[in-house]
Structure formats: C-alpha cells, structure tokens
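**Student:** Structure for this input, please:
(one chain, ligands or ions: 1)
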Amino acid sequence: MIVCLCRAVCEQMLGETIASGASSVDAVTSACGAGGDCGACLPMIADWIERRTENGYAHATR
Ligand code: FES
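**Tutor:** As a prediction, this is how the structure comes out:
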C-alpha cells in the first residue's frame, strides 16, 4: 500500500527507512522523500514512527 502518493513511497519502503534509523518525520523525508511535497502523509509517517518505537520494533523490518 502506498503511504506517500506524491513520492510513491509504499509501506515496505517506509518500514525499511524507519528500521534503518530514521526516527523522526524529517529523517524519513530526508531518507526516502516521503512527506516532502503536500504533507498529507506526515501524520501517518509520524504514527508509524511512534508505533515502531513504542513497541520496540524501531529496528524491525516489515
Ligand atoms: S502524500 Fe506524502 S507528501 Fe504528499
């Protein structure tokens, strides 16, 4: 499923980006581009980061 339509970033790519160390929305945007245009996906990216971090899966891949 696509998370960021503007940059065509899918869930797998987002998960891999977070797993590789991107622990903030800005870091994710810098790493894969997600959130770098209209910003509509920013809340979803933030939610992904929060869930991966609070559950201890910050370094897990999907
Ligand atoms: S949907 Fe992600 S920047 Fe537009």
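
**Student:** neighbours around W48, how many?
**Tutor:** Residues near W48, counting by other Cβ atoms under 10 Å, number 21. (Glycine included, C-beta is placed from N, CA and C.)

**Student:** got a list of what it touches?
**Tutor:** Residues near W48 by Cβ atoms under 8 Å, 6 or more residues apart in numbering: 3, 14-15, 18.

**Student:** swap the cut-off to 7 Å and go again
**Tutor:** 14, 18 (Cβ atoms under 7 Å, 6 or more residues apart in numbering).

**Student:** per-residue confidence for it?
**Tutor:** We have a pLDDT of 95 for W48.

**Student:** And the longest helix along the chain, what's buried?
**Tutor:** Counting by DSSP state H, the longest helix found in the chain is helix 42-54. Burial within helix 42-54, assessed by neighbour count using 16 or more other Cβ atoms under 10 Å, is assigned to 42, 45, 48-49, 52.
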